[in-house]
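> return a 3D structure for these sequence lines:
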Amino acid sequence: MQWQLESKGTLIYTENMKVSKRFFSTFAFLLFGMIFSVLLCSCSKKLGYSVVLWSIPEENIADGTIVPVYIKSNISHCYVIGVPETDMKCEVPLWKISEPTSKRKVQSVANRYAEYQHYYARVKRDGLPIRYEPQNTSRQIYRTRENEVLKVLYKGKGAQVMAGNSPLEGDWLRVLTSDGSSGWCFSYNLDVYNEKDSSSVLAVSSNDENIYDDYLKKVLSV
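Take a look at the predicted model:
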């Protein structure tokens, strides 16, 4: 064991310094390994499985697709999901997929949306309300704009909508807006179409010069 005298008169126990350096190096290595392991586990461990409610054309993921969910961020309001048939992951807004559940249960969730998979609706008149329950007396939770696109989730049973003494033709549809609001809307003032059928989209668009918003352009380009 040796002592060393520095120019300023400070005594340093050189052997202890070597031990301390080895200790801190080992500690730093172990800490890095723990952090790396946590990050790796957080990216590989699944929260569950979800059904895509609104198509994600930039990732070529259609609505109705079952995807693995890895991370939920309440700060950025998004999930990290796996892109099917790839090793890639992407972020999606919380409202674009169903609540994560087990692999065993997610198929029943997908079945609920199967009838209206790929179906969207364009609003025919400004101010059409989306309601909390499928009846005209229920409170409004959203007012639509003319030509706004909604995602049709499924059909429900509700109160008959009347025009004077005559019932209006249509169904109560559970719909989702592009900002994540969801509720019930009567289909009489909706043009419902299949996004995978370009002829049905074009048939709707022929009545309106402004039909080609950014979303439809993406859909038609897939």
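> hang on, isn't Trp172 packed against Tyr154?
No: using Cβ atoms under 8 Å as the test, Trp172 is too far from Tyr154 to be in contact (10.1 Å). In this view, the C-beta of every residue, glycine as well, is placed from N, C-alpha and C.
> of the two, who's got more company?
For Trp172 versus Tyr154, the count of surrounding residues by other Cβ atoms under 10 Å is larger for Trp172: 21 against 14.
> quick one: residues contacting that one.
Shown in contact with Trp172 (Cβ atoms under 8 Å, 6 or more residues apart in numbering): Pro134, Lys155, Gly156, Lys157, Gly158, Trp184, Cys185, Phe186, Ser187.
> do that again at 7 Å, thanks
Pro134, Gly156, Gly158, Trp184, Phe186 (Cβ atoms under 7 Å, 6 or more residues apart in numbering).
> is it true that Val52 touches Thr65?
Yes: judged on Cβ atoms under 7 Å, Val52 makes contact with Thr65 at a distance of 4.6 Å.
> so for those two, which residue has more residues nearby?
Val52 (23 against 19).
> how close does that one sit to Arg122?
20 Å (Cβ to Cβ, to the nearest Å).
> do a quick rundown of the helices in the protein.
Counting by DSSP state H, the chain has helices at residues 14-44, 103-113, 198-205, 214-221.
> and those, which one averages the lowest pLDDT?
Looking at the helices of the chain, the lowest mean pLDDT belongs to helix 214-221 (a mean of 40).
> tell me the contacts of Tyr142?
Ile130, Thr177, Ser181, Gly183.
> what number of residues lie near Lys45?
9.
> swap that for Ala121, please
22.
> ok, and the closest non-adjacent residue to it?
Counting by Cβ to Cβ, 6 or more residues apart in numbering, the nearest residue to Ala121 once its immediate chain neighbours are dropped is Leu190, at 4.1 Å.
> right, and that neighbour touches Tyr120 too?
No: contact status for Leu190 versus Tyr120: not in contact, 9.5 Å apart, counting by Cβ under 7 Å.
> which one's more surrounded, the two?
Each of Leu190 and Tyr120 has its neighbours counted (other Cβ under 10 Å); Tyr120 has more, 26 against 22.
> does the more buried one have beta-bridge partners, and which?
The partner list for Tyr120 in beta bridges (DSSP bridges) reads Lys151, Tyr193.
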